[in-house]
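> sequence? don't have it. structure:
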(Lines give C-alpha, C1' and ligand atoms only; values in the text may rest on other atoms or scores of the structure.)
Protein backbone atom coordinates (compact mmCIF):
# COMPACT_ATOMS: atom_id res chain seq x y z
CA UNK A 1 0.00 0.00 0.00
CA UNK A 2 1.36 3.42 -0.89
CA UNK A 3 1.47 6.43 1.40
CA UNK A 4 -0.31 8.69 -1.08
CA UNK A 5 -3.96 9.40 -0.35
CA UNK A 6 -6.79 10.14 -2.77
CA UNK A 7 -6.53 13.93 -3.16
CA UNK A 8 -10.31 14.30 -3.27
CA UNK A 9 -10.86 12.84 0.18
CA UNK A 10 -9.13 15.54 2.20
CA UNK A 11 -11.14 18.60 1.07
CA UNK A 12 -14.38 16.65 1.39
CA UNK A 13 -13.42 15.49 4.86
CA UNK A 14 -12.44 19.03 5.91
CA UNK A 15 -15.82 20.35 4.80
CA UNK A 16 -17.71 17.53 6.49
CA UNK A 17 -15.85 18.09 9.77
CA UNK A 18 -16.67 21.80 9.70
CA UNK A 19 -20.34 21.14 8.97
CA UNK A 20 -20.47 18.61 11.80
CA UNK A 21 -19.05 21.07 14.32
CA UNK A 22 -21.02 24.04 12.92
CA UNK A 23 -24.29 22.74 11.44
CA UNK A 24 -25.53 26.32 11.06
CA UNK A 25 -23.75 28.72 8.68
CA UNK A 26 -22.07 30.71 11.44
CA UNK A 27 -18.61 32.32 11.36
CA UNK A 28 -15.86 29.93 12.37
CA UNK A 29 -12.35 30.72 13.55
CA UNK A 30 -11.28 27.12 14.17
CA UNK A 31 -8.47 25.92 11.91
CA UNK A 32 -8.50 22.51 10.24
CA UNK A 33 -5.63 20.28 11.33
CA UNK A 34 -4.68 17.29 9.21
CA UNK A 35 -3.62 14.58 11.66
CA UNK A 36 -3.00 11.87 9.04
CA UNK A 37 -3.23 11.60 5.27
CA UNK A 38 -2.69 8.09 3.93
CA UNK A 39 -4.55 5.57 1.82
CA UNK A 40 -5.41 3.59 4.93
CA UNK A 41 -6.76 6.57 6.86
CA UNK A 42 -7.18 10.32 6.44
CA UNK A 43 -7.87 12.16 9.68
CA UNK A 44 -8.86 15.81 10.18
CA UNK A 45 -9.44 17.73 13.38
CA UNK A 46 -11.80 20.71 13.58
CA UNK A 47 -12.23 22.24 17.03
CA UNK A 48 -12.79 19.31 19.39
CA UNK A 49 -14.07 16.93 16.70
CA UNK A 50 -12.00 14.48 14.67
CA UNK A 51 -13.25 13.08 11.35
CA UNK A 52 -11.66 9.97 9.90
CA UNK A 53 -11.97 8.58 6.38
CA UNK A 54 -11.23 4.87 6.62
CA UNK A 55 -9.44 2.77 4.02
CA UNK A 56 -11.31 2.32 0.72
CA UNK A 57 -11.64 -1.44 1.24
CA UNK A 58 -13.11 -1.13 4.75
CA UNK A 59 -15.93 -3.61 5.32
CA UNK A 60 -18.95 -1.62 6.56
CA UNK A 61 -20.35 -4.49 8.65
CA UNK A 62 -17.02 -5.10 10.35
CA UNK A 63 -16.52 -1.38 11.00
CA UNK A 64 -19.98 -1.13 12.56
CA UNK A 65 -19.16 -4.01 14.90
CA UNK A 66 -15.87 -2.36 15.85
CA UNK A 67 -17.63 0.93 16.53
CA UNK A 68 -20.08 -0.98 18.72
CA UNK A 69 -17.19 -2.35 20.79
CA UNK A 70 -15.84 1.18 21.31
CA UNK A 71 -19.29 2.53 22.16
CA UNK A 72 -19.90 -0.26 24.67
CA UNK A 73 -16.49 0.09 26.35
CA UNK A 74 -15.96 3.85 26.85
CA UNK A 75 -13.74 3.23 29.88
CA UNK A 76 -11.24 1.39 27.65
CA UNK A 77 -11.68 2.73 24.11
CA UNK A 78 -12.40 6.27 23.02
CA UNK A 79 -16.09 6.17 22.08
CA UNK A 80 -17.16 7.57 18.70
CA UNK A 81 -19.47 10.57 18.56
CA UNK A 82 -21.83 8.50 16.38
CA UNK A 83 -22.17 4.70 16.53
CA UNK A 84 -22.25 4.23 12.77
CA UNK A 85 -20.11 5.26 9.81
CA UNK A 86 -21.30 7.50 6.97
CA UNK A 87 -20.28 7.43 3.30
CA UNK A 88 -18.22 10.27 1.86
CA UNK A 89 -16.32 10.41 -1.44
CA UNK A 90 -16.37 6.62 -1.75
CA UNK A 91 -15.07 6.11 1.78
CA UNK A 92 -16.62 5.41 5.18
CA UNK A 93 -16.13 8.19 7.70
CA UNK A 94 -16.48 8.28 11.46
CA UNK A 95 -16.44 11.09 14.03
CA UNK A 96 -14.62 11.15 17.36
CA UNK A 97 -13.88 13.52 20.21
CA UNK A 98 -10.38 14.94 20.09
CA UNK A 99 -7.93 13.52 22.62
CA UNK A 100 -4.44 14.68 23.53
CA UNK A 101 -1.86 12.14 22.30
CA UNK A 102 1.26 10.89 24.02
CA UNK A 103 4.05 13.46 23.77
CA UNK A 104 6.82 11.89 21.65
CA UNK A 105 9.27 14.48 23.01
CA UNK A 106 8.77 13.29 26.59
CA UNK A 107 9.39 9.52 26.53
CA UNK A 108 10.04 9.54 30.27
CA UNK A 109 6.33 10.27 30.75
CA UNK A 110 5.07 7.54 28.39
CA UNK A 111 2.01 5.87 29.94
CA UNK A 112 3.30 2.29 29.81
CA UNK A 113 1.34 1.14 32.86
CA UNK A 114 -1.87 2.77 31.64
CA UNK A 115 -1.50 1.17 28.22
CA UNK A 116 -0.97 -2.26 29.78
CA UNK A 117 -3.97 -1.94 32.09
CA UNK A 118 -6.23 -0.84 29.24
CA UNK A 119 -5.05 -3.81 27.16
CA UNK A 120 -5.68 -6.24 30.01
CA UNK A 121 -9.18 -4.90 30.47
CA UNK A 122 -9.86 -5.03 26.73
CA UNK A 123 -8.68 -8.63 26.56
CA UNK A 124 -11.16 -9.61 29.26
CA UNK A 125 -14.22 -8.14 27.52
CA UNK A 126 -16.67 -10.26 25.59
CA UNK A 127 -16.44 -9.78 21.85
CA UNK A 128 -19.76 -9.26 20.02
CA UNK A 129 -20.91 -12.13 17.80
CA UNK A 130 -19.55 -11.87 14.29
CA UNK A 131 -16.58 -9.67 15.12
CA UNK A 132 -13.87 -10.53 12.55
CA UNK A 133 -10.29 -11.50 13.42
CA UNK A 134 -8.00 -8.71 14.52
CA UNK A 135 -5.88 -7.50 11.63
CA UNK A 136 -2.39 -7.66 13.13
CA UNK A 137 -1.08 -10.58 11.03
CA UNK A 138 -2.74 -9.15 7.92
CA UNK A 139 -0.89 -5.86 8.38
CA UNK A 140 2.38 -7.71 8.84
CA UNK A 141 1.75 -9.60 5.59
CA UNK A 142 0.92 -6.34 3.82
CA UNK A 143 4.27 -4.92 4.94
CA UNK A 144 6.02 -7.87 3.29
CA UNK A 145 4.12 -7.28 0.05
CA UNK A 146 5.13 -3.64 0.18
CA UNK A 147 8.78 -4.57 0.78
CA UNK A 148 8.85 -6.90 -2.22
CA UNK A 149 7.34 -4.23 -4.46
CA UNK A 150 9.47 -1.30 -3.24
CA UNK A 151 12.86 -2.87 -2.58
CA UNK A 152 13.22 -6.37 -4.08
CA UNK A 153 16.97 -5.94 -4.52
CA UNK A 154 17.82 -4.15 -1.29
CA UNK A 155 20.63 -5.94 0.60
CA UNK A 156 18.41 -6.37 3.69
CA UNK A 157 15.37 -7.73 1.87
CA UNK A 158 16.63 -11.30 1.72
CA UNK A 159 17.25 -11.56 5.48
CA UNK A 160 13.89 -9.96 6.27
CA UNK A 161 12.10 -12.45 4.03
CA UNK A 162 14.00 -15.35 5.55
CA UNK A 163 13.00 -14.21 9.04
CA UNK A 164 9.41 -13.89 7.84
CA UNK A 165 9.32 -17.45 6.58
CA UNK A 166 10.51 -18.84 9.92
CA UNK A 167 7.20 -17.71 11.45
CA UNK A 168 4.20 -20.03 11.74
CA UNK A 169 1.44 -19.67 9.19
CA UNK A 170 -0.99 -17.91 11.53
CA UNK A 171 1.52 -15.09 12.17
CA UNK A 172 1.83 -14.61 8.40
CA UNK A 173 -1.96 -14.45 7.96
CA UNK A 174 -1.88 -17.71 6.04
CA UNK A 175 -3.87 -19.71 8.58
CA UNK A 176 -6.50 -18.91 11.22
CA UNK A 177 -5.38 -17.85 14.69
CA UNK A 178 -5.89 -20.38 17.44
CA UNK A 179 -7.81 -17.91 19.62
CA UNK A 180 -11.13 -16.88 18.12
CA UNK A 181 -12.76 -15.35 21.19
CA UNK A 182 -10.36 -12.92 22.87
CA UNK A 183 -10.95 -9.27 22.04
CA UNK A 184 -7.74 -7.61 20.76
CA UNK A 185 -6.76 -4.13 19.64
CA UNK A 186 -4.63 -5.39 16.76
CA UNK A 187 -2.19 -2.48 16.44
CA UNK A 188 -1.06 -1.36 19.88
CA UNK A 189 1.62 1.33 20.17
CA UNK A 190 1.87 4.56 22.15
CA UNK A 191 0.35 6.52 19.28
CA UNK A 192 -2.88 4.66 19.98
CA UNK A 193 -3.46 6.35 23.33
CA UNK A 194 -5.03 9.73 23.98
CA UNK A 195 -6.26 11.66 26.98
CA UNK A 196 -9.84 12.81 26.84
CA UNK A 197 -10.71 15.48 27.70
CA UNK A 198 -7.61 17.60 27.09
CA UNK A 199 -4.56 16.73 29.20
CA UNK A 200 -6.36 15.91 32.44
CA UNK A 201 -8.66 13.09 31.40
CA UNK A 202 -7.94 9.37 31.59
CA UNK A 203 -6.04 7.56 28.86
CA UNK A 204 -8.08 5.70 26.27
CA UNK A 205 -7.19 3.45 23.33
CA UNK A 206 -8.03 4.73 19.85
CA UNK A 207 -8.18 3.37 16.29
CA UNK A 208 -10.60 0.46 15.96
CA UNK A 209 -9.70 -0.41 12.36
CA UNK A 210 -7.68 -3.48 13.36
CA UNK A 211 -9.72 -4.49 16.39
CA UNK A 212 -11.09 -8.03 16.47
CA UNK A 213 -10.70 -11.46 18.00
CA UNK A 214 -7.41 -13.29 18.09
CA UNK A 215 -4.21 -14.03 19.98
CA UNK A 216 -3.90 -11.34 22.67
CA UNK A 217 -0.10 -11.64 22.83
CA UNK A 218 -0.06 -9.75 19.53
CA UNK A 219 -1.09 -6.60 21.41
CA UNK A 220 2.04 -6.89 23.57
CA UNK A 221 4.27 -7.68 20.62
CA UNK A 222 5.46 -4.22 19.63
CA UNK A 223 6.84 -3.23 23.06
CA UNK A 224 8.20 -6.77 23.40
CA UNK A 225 9.96 -6.43 20.05
CA UNK A 226 11.35 -3.02 20.99
CA UNK A 227 12.70 -4.48 24.22
CA UNK A 228 14.25 -7.45 22.42
CA UNK A 229 15.86 -5.11 19.88
CA UNK A 230 17.24 -2.82 22.58
CA UNK A 231 14.89 0.06 21.70
CA UNK A 232 12.87 -0.08 24.93
CA UNK A 233 14.64 0.15 28.27
CA UNK A 234 14.36 -2.91 30.54
CA UNK A 235 12.69 -0.79 33.22
CA UNK A 236 10.00 0.40 30.81
CA UNK A 237 9.38 -3.12 29.53
CA UNK A 238 9.13 -4.42 33.10
CA UNK A 239 6.68 -1.67 34.04
CA UNK A 240 4.49 -2.50 31.05
CA UNK A 241 4.57 -6.27 31.50
CA UNK A 242 4.09 -6.15 35.28
CA UNK A 243 1.13 -3.80 34.99
CA UNK A 244 -0.48 -6.11 32.43
CA UNK A 245 0.00 -9.15 34.65
CA UNK A 246 -1.29 -7.37 37.75
CA UNK A 247 -4.38 -6.34 35.80
CA UNK A 248 -5.03 -10.04 35.09
CA UNK A 249 -4.31 -9.80 31.39
CA UNK A 250 -4.77 -13.23 29.78
CA UNK A 251 -2.07 -12.97 27.09
CA UNK A 252 0.84 -14.11 29.27
CA UNK A 253 1.19 -16.19 32.44
CA UNK A 254 0.79 -14.30 35.70
CA UNK A 255 4.15 -15.70 36.80
CA UNK A 256 7.19 -17.05 35.00
CA UNK A 257 8.76 -16.45 31.61
CA UNK A 258 6.40 -14.68 29.16
CA UNK A 259 8.61 -15.19 26.09
CA UNK A 260 7.32 -18.59 24.98
CA UNK A 261 4.02 -16.77 24.34
CA UNK A 262 5.44 -13.46 23.13
CA UNK A 263 8.26 -14.71 20.92
CA UNK A 264 6.36 -15.32 17.68
CA UNK A 265 4.30 -12.10 17.80
CA UNK A 266 7.40 -10.09 18.73
CA UNK A 267 9.30 -11.56 15.81
CA UNK A 268 6.40 -10.83 13.46
CA UNK A 269 6.27 -7.18 14.57
CA UNK A 270 10.04 -6.91 14.17
CA UNK A 271 9.84 -8.24 10.62
CA UNK A 272 6.91 -5.94 9.84
CA UNK A 273 8.77 -2.91 11.19
CA UNK A 274 11.94 -3.82 9.28
CA UNK A 275 10.02 -4.36 6.04
CA UNK A 276 8.33 -0.98 6.30
CA UNK A 277 11.62 0.70 7.21
CA UNK A 278 13.34 -0.63 4.07
CA UNK A 279 10.34 0.13 1.84
CA UNK A 280 10.04 3.71 3.11
CA UNK A 281 13.76 4.45 3.04
CA UNK A 282 13.99 3.14 -0.52
CA UNK A 283 11.04 5.22 -1.66
CA UNK A 284 12.35 8.40 -0.02
CA UNK A 285 16.01 7.86 -0.81
CA UNK A 286 16.90 8.34 2.84
CA UNK A 287 19.23 6.12 4.89
CA UNK A 288 17.92 4.08 7.80
CA UNK A 289 18.09 5.68 11.23
CA UNK A 290 19.51 3.86 14.25
CA UNK A 291 16.19 2.39 15.36
CA UNK A 292 15.42 1.10 11.87
CA UNK A 293 18.85 -0.48 11.59
CA UNK A 294 18.24 -2.22 14.92
CA UNK A 295 15.11 -4.01 13.70
CA UNK A 296 16.74 -4.92 10.38
CA UNK A 297 19.73 -6.36 12.24
CA UNK A 298 17.36 -8.32 14.46
CA UNK A 299 15.97 -10.07 11.38
CA UNK A 300 19.48 -11.34 10.64
CA UNK A 301 19.73 -12.79 14.14
CA UNK A 302 16.29 -14.39 14.01
CA UNK A 303 17.03 -16.52 10.99
CA UNK A 304 19.27 -19.00 12.78
CA UNK A 305 17.05 -19.74 15.80
CA UNK A 306 13.60 -21.29 15.27
CA UNK A 307 11.03 -19.22 17.16
CA UNK A 308 9.35 -22.18 18.82
CA UNK A 309 12.60 -23.19 20.55
CA UNK A 310 13.61 -19.93 22.18
CA UNK A 311 12.33 -17.28 24.55
CA UNK A 312 13.03 -14.21 22.49
CA UNK A 313 15.79 -13.66 19.96
CA UNK A 314 19.29 -12.68 21.07
CA UNK A 315 20.36 -9.05 21.21
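Perfect, I can see it now. Fair warning: this is a prediction, and the values are worked out from it, not measured in the lab. Residues are numbered from 1 along each chain as shown.
> now do the strands in the stretch 51-200 of the chain.
Counting by DSSP state E, counting those that start in this stretch, the stretch 51-200 of the chain has strands at residues 86-88, 91-97, 100-101, 183-184, 193-195.
> out of those strands, nearest to residue 53?
For residue 53, the closest of these is strand 91-97, at 4.3 Å, according to CB to CB. Where you see a C-beta, it was placed from the backbone N, CA and C, and this is true even at glycine.
> show me how the chain divides into domains.
9-98, 107-309 (automatic domain parsing).
> shouldn't residue 45 be within a strand?
Yes. Checked against DSSP: H, G, I helix; E, B strand; the rest coil, residue 45 lies within a strand.
> for residue 109, see how far away it is.
According to CB to CB, to the nearest Å, residue 45 and residue 109 sit 22 Å apart.
> what does residue 229 give?
22 Å.
> coming back round to it: let's have the strands of the stretch 51-200 of the chain in a markdown table, adding mean neighbour count.
Listed next are the strands of the stretch 51-200 of the chain as a markdown table, based on neighbours: other CB atoms under 10 Å:
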| stretch | mean neighbour count |
| --- | --- |
| strand 86-88 | 12 |
| strand 91-97 | 21 |
| strand 100-101 | 14 |
| strand 183-184 | 26 |
| strand 193-195 | 21 |
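> where does the protein dip in pLDDT?
By pLDDT under 70, the low-scoring segments of the chain are 1-6, 308-315.
> and the longest helix for it?
Longest helix in the chain, counting residues (DSSP state H): helix 259-284.
> other SSEs contacting that one?
helix 136-150, helix 157-165, helix 221-228, helix 290-302 (3 or more CB pairs under 8 Å, 6 or more residues apart in numbering; DSSP states H and E).
> off-centre distance for that helix?
13 Å (CA atoms, centre = their mean, to the nearest Å).
> what does stretch 109-128 give?
That offset, for stretch 109-128, works out to 14 Å (CA atoms, centre = their mean).
> residue 45 and residue 109 - which one has more neighbours?
residue 45 (18 against 9; other CB atoms under 10 Å).
> so how far is residue 102 from that one?
From residue 45 to residue 102 the distance is 16 Å (CB to CB).
> what sits against the spatially closest residue to residue 130 that is not a sequence neighbour?
Leaving aside its sequence neighbours, residue 130 sits nearest to residue 65 (CB to CB, 6 or more residues apart in numbering; 6.1 Å). Contact analysis of residue 65 by CB atoms under 8 Å, 6 or more residues apart in numbering lists 128, 130, 131, 132.
> around the closest residue to residue 109 other than its chain neighbours, how many other residues sit close by?
Once flanking residues are discounted, residue 109 sits nearest to residue 103: 6.6 Å by CB to CB, 6+ apart. For residue 103, the count of nearby residues is 12 (other CB under 10 Å).
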